[in-house]
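# Task: produce atomic coordinates for the following.
(one chain, ligands or ions: 1)
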Amino acid sequence: MEASELHTGFRLAMVQMAVGAVKKANLQRATSLVAEATKNGAKMVILPECCNSPFGNEYFADYAESIPGESTEAYAQAAKDNNIFLVAGSIPERKDGKLYNTTTVFNPEGSLIAKFSKMHLFDVDIPGGITFQESKTISPGDDLVTFDTPYCKVGLGICFDIRFPEFSKLLLDRGCELLVFPSAFNMTTGPAHWELLTRARAVDNQMYVAMVSPARDETASYVAWGYSTLADPWGKIIGKAGHEEAIVYGDIDLDYVKKIRSQMPLMKQRRSDIYKVMDLSNN
Ligand SMILES: O=C(O)CCC(=O)C(=O)O
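Below you'll find the model as predicted:
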């Protein structure tokens, strides 16, 4: 990228959309909220985890698609029509006889520029809280994925991936200044950890971190927490939704990332003679 093409900031929009049981209606809703976000100046728009389908093992196979497919074609068109980068939440992806929880990214021309499948699956058993075993139906992805924009390099994760500090650290080491997590925490782990994890990953990697949830639907079998949140490299929350459908905006300032990293040069102060986070992946 030429230096003249680089920008030092841009407006990001987190679309906390209400997701229902009708795929076509979900796609239409996503498309119209992306258009609204763009009208308000967003250059990058992020949708939540599993936004073409309800969240649950009982739904994934029925709503699954290959890529390209109905959902990703709608997302590509929305990116192109609005001339924005679109991080298109996630969909259950069918590939080689397996299902993956996959996010796709489209550039302003509508081309698919990145695809990431959730690497850490949400398998938990919290008595009196939540029991979920995503690995019953979904297979984990194995690839770390980043994408380039005229603003900065962006790293992708999905929901539970945020709980693994090494994962985000590897994305930092690949040059990211913003991490984006289409997500869907729940009524047990949301109040306990959602904001804490968003701020923690922002502070320990000195970067912007966006966690984007569906709106809460008390009638759903999986009740999402909501509260889509954007934290800055100092760990301050600069955008936050409630639990209803909303679009939250945040201004990303890449000079601020540089400032924080130079005032407190954590990357240089690591004791790599004592410990290391090693990237063993092949990409
Ligand atoms: O980490 C959590 O508490 C929730 C994770 C989750 O819901 C998911 O990965 O889909």
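# What about Trp225, how many residues nearby?
Look at Trp225: counted by other CB atoms under 10 Å, it has 23 neighbours. Bear in mind the C-beta positions are built from the backbone N, C-alpha and C, glycine included.
# Please apply the same query to Val277.
Residues near Val277, counting by other CB under 10 Å, number 14.
# same check, this time on Gln133
13.
# Tell me who's in contact with the closest residue to it other than its chain neighbours.
Excluding the flanking residues, the one nearest Gln133 by CB to CB, 6 or more residues apart in numbering is Asp123, at 5.0 Å. Asp123 makes contact with 132-135, according to CB atoms under 8 Å, 6 or more residues apart in numbering.
# closest to Ile158 among these?
Proximity of the contacts of Asp123 to Ile158 (CB to CB) peaks at Glu134, which lies at 10.4 Å.
# Please pick the buried ones from the contacts of Asp123.
Neighbour-count burial (16 or more other CB atoms under 10 Å) applied to the contacts of Asp123 gives 132, 134.
# Among the contacts of Asp123, which ones lie close to the ligand?
On the criterion CB under 6 Å from any ligand atom, none of the entries of the contacts of Asp123 sits beside the ligand.
# In JSON lines: the contacts of Asp123, plus secondary structure.
Listed next are the contacts of Asp123 as JSON lines, based on DSSP: H, G, I helix; E, B strand; the rest coil:
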{"residue": "Phe132", "secondary structure": "strand"}
{"residue": "Gln133", "secondary structure": "strand"}
{"residue": "Glu134", "secondary structure": "helix"}
{"residue": "Ser135", "secondary structure": "helix"}
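# Show me which of the contacts of Asp123 is closest to Val209.
Ranked by distance to Val209 (CB to CB), the contacts of Asp123 are led by Glu134 at 21.8 Å.
# Before we move on, what's the pLDDT of that closest one?
In this model, Glu134 is scored at 98, pLDDT.
# Excluding residues flanking it in the chain, which one is nearest Lys115?
Excluding its sequence neighbours, the residue lying closest to Lys115 (CB to CB, 6+ apart) is Thr104, at 5.2 Å.
# So what touches the helix or strand hosting that neighbour?
Secondary structure from DSSP states H and E places Thr104 in strand 98-106. By CB under 8 Å, 6+ apart, the residues outside strand 98-106 that reach it are 49-50, 60-61, 64, 67, 72, 75-76, 78-80, 85-93, 112-118, 121, 134, 137-141, 147, 154, 156, 158, 182.
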